[in-house]
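Visitor: prediction below, plus the sequence it came from.
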Amino acid sequence: MLCTKCGESIHGEEIFVYAGQNYCEDCYLETMSVLKTCDPMAVRSARLTRERLGQRGTEGLLPVQKKIVDFVQKRGKVTREQVVEALKIEPEELEKHFSILRHCELVKGLKEGNRLYLILMDAEL
């Protein structure tokens with residue numbers, strides 16, 4: 001049997017079934033651990049953790065997360081597609097990092113018409 005997501009061969013106890021699909025352990029864990037961008041408890045947890053560690057701004061972020069914040073800061077507002085293209089990352093990777101940056105209250109979404117932009121949390125509109 002093959003993993004629905006990655007196509008790897010899986011057998012017996014290695015098969016994890018979710019929503020009628022067969023997954024290997026890695027893909028199953030990835031499928032089940034989806035970050036929620038709008039999560040008040042995650043925001044509170046990130047704020048308290050960063051305060052406890054004395055982190056401000058981009059301190060404590062991964063290099064790619066710092067690049068995202070810098071890119072948004074330089075441009076003012078950007079689309080997800082612009083970030084993906086400029087930083088050469090996959091859209092799914094951007095979504096995970098965006099969720100963390102939103103929890104850290106550094107970047108947020110802004111909808112204008114049918115377009116969704118990423119802007120700095122403290123940007124004046």
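Guide: Good, I have the coordinates.

Visitor: so residue 96 touches residue 37, yeah?
Guide: No: distance between residue 96 and residue 37: 9.7 Å, which falls outside the contact criterion (CB atoms under 8 Å). Where you see a C-beta, it was placed from the backbone N, CA and C, and this is true even at glycine.

Visitor: mind checking the SS state of residue 22?
Guide: What DSSP: H, G, I helix; E, B strand; the rest coil gives for residue 22 is strand.

Visitor: hmm, back to that, give me the more crowded residue out of residue 96 and residue 37.
Guide: More crowded of residue 96 and residue 37, by other CB atoms under 10 Å: residue 96, with 18 against 15.

Visitor: grab the most central residue of the chain for me.
Guide: Centrality entry for the chain: nearest residue to the mean C-alpha point is residue 96, 1.5 Å, by CA atoms, centre = their mean.

Visitor: what helix or strand is that one located in?
Guide: Taking DSSP states H and E as the criterion, residue 96 maps to helix 91-103.

Visitor: packing partners for that helix?
Guide: Applying 3 or more CB pairs under 8 Å, 6 or more residues apart in numbering; DSSP states H and E, we find helix 91-103 packed against helix 40-53, helix 63-75, helix 80-87, strand 107-112.

Visitor: tell me which of these lies nearest to residue 28.
Guide: Of all the helices and strands packed on helix 91-103, it is helix 40-53 that lies closest to residue 28, at 21.9 Å by CB to CB.

Visitor: buried residues in that closest one?
Guide: Neighbour-count burial for helix 40-53 flags 42, 46, 50 (criterion: 16 or more other CB atoms under 10 Å).

Visitor: other SSEs contacting it?
Guide: Counting by 3+ CB pairs under 8 Å, 6+ apart, helix 40-53 packs on helix 91-103.

Visitor: can I get the worst-scoring helix or strand of the chain on mean pLDDT in CSV, CA atoms only?
Guide: Within the chain, no helix or strand scores below helix 25-32, which has a mean of 86 by mean pLDDT, DSSP states H and E. What follows is helix 25-32, C-alpha atoms only, in CSV (Å, rounded to 0.1, in the frame of the first residue of the first chain):
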residue,chain,number,x,y,z
GLU,A,25,3.6,8.1,10.2
ASP,A,26,5.3,11.3,9.1
CYS,A,27,2.5,12.4,6.7
TYR,A,28,-0.1,11.5,9.3
LEU,A,29,1.5,13.6,11.9
GLU,A,30,1.9,16.5,9.5
THR,A,31,-1.8,16.1,8.5
MET,A,32,-3.0,16.1,12.1
